[in-house]
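K.L.:
Quick one, fold the following:
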Amino acid sequence: MPVDLFSAARDCLKENNLEKKIQLSTATVKRCRQGFSLKKVTVESTHCVGRPCKPRLVPPKALPRRGFGTQQARLSLLHAIAHIEFNAINLAWDAIYRFQDMPEDYYWDYLQVAQEETGHFSLLRTHLNRASYDYGDFDAHDGLWTMAENTAEDVLHRMAIIPGVLEARGLDVTPAMIKKFADTGETEIVETLETIYREEIGHVRTGIFWFRYICSQRGLEAESTFIQLIKQYQLDEFRGGLNKAARIEAGFSQQQLDFLEAEFVGN
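P.N.:
Below you'll find the model as predicted:
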């Protein structure tokens, strides 16, 4: 019998227990690969998101600056990346559950994203476990999910801001992290980050594709709409330079890159 996709996505999203969430996410993707139905369900607010009681969530400015000088600093950085990937699991399931009027291919795409984000988190957690740490042992902030809440009413906004801005920022900063971990001889961590980087290009590409699709359906010009939304949300996530090659591979236009560079990087 086909899986009721929206109710299954809701269950994955709402699960609080860390172990159960990872197991449920993996199992749900596997079951959905055999077929799913698009029977609509009532959508709850984004406050229904499930997560364990740790890590403690604090304002971004309350977090210490992370570096590479000590093992503790490197583990703190790994934990920060793991926190992003944990949120990305919830974001993938929320993208399915919350937006129930998209074409079927959209849901296949986000099942793939959910599977890969779960894998990313599990890989990073393994590295923490090998050093006798676990997810939740360092503080974190809730900026990514806050933006999910802010874009919950419109799939166009969600696709533009989460994959198109926040996840795309990972394409800019990950190569430098890979090099620094390589310089410390952390070859297994490097392999994990390279896997994440490669697959995140695909996740951003997915978001950009569906952003453009929705713009087309609504009679909107994609480039100017993207720029308008960045200004509307008052985002400033681009300082430090753009990974133009990765962003182009992920579907960014030259017009979008020119705007980002002129508006943010050049200042």
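
K.L.:
I'd like to know the phi and psi angles of Gln59, please.
P.N.:
I think there's a mix-up here, since residue 59 is Pro and not Gln. Pro59 adopts backbone torsions of phi -60, psi 150, taken as degrees, to the nearest 10.

K.L.:
That one is in contact with Asp142, isn't it?
P.N.:
No: checked against C-beta atoms under 8 Å, the pair Pro59 and Asp142 is beyond contact range at 9.0 Å. All C-beta atoms are positioned from the backbone trio N, CA, C, and that covers glycine.

K.L.:
So for these two, which sits in the more crowded spot?
P.N.:
Asp142 (18 against 10; other C-beta atoms under 10 Å).

K.L.:
where's the nearest residue to that one once chain neighbours are set aside relative to His141, distance?
P.N.:
Closest residue to Asp142 in three dimensions, ignoring its sequence neighbours and counting by C-beta to C-beta, 6 or more residues apart in numbering: Leu57, at 4.7 Å. Distance from Leu57 to His141, counting by C-beta to C-beta, to the nearest Å: 6 Å.

K.L.:
Please apply the same query to Arg10.
P.N.:
Applying C-beta to C-beta to Arg10 and His141 gives a distance of 25 Å.

K.L.:
More neighbours: which of these two?
P.N.:
Comparing Arg10 with His141 by other C-beta under 10 Å, the one with more neighbours is Arg10, at 22 against 18.

K.L.:
buried ones in the helix or strand encompassing the more buried one?
P.N.:
Using DSSP states H and E, Arg10 falls within helix 5-14. Buried residues in helix 5-14, defined by neighbour count with 16 or more other C-beta atoms under 10 Å: Leu5, Phe6, Ala8, Ala9, Arg10, Asp11, Cys12, Leu13, Lys14.

K.L.:
Many thanks, have a good one.
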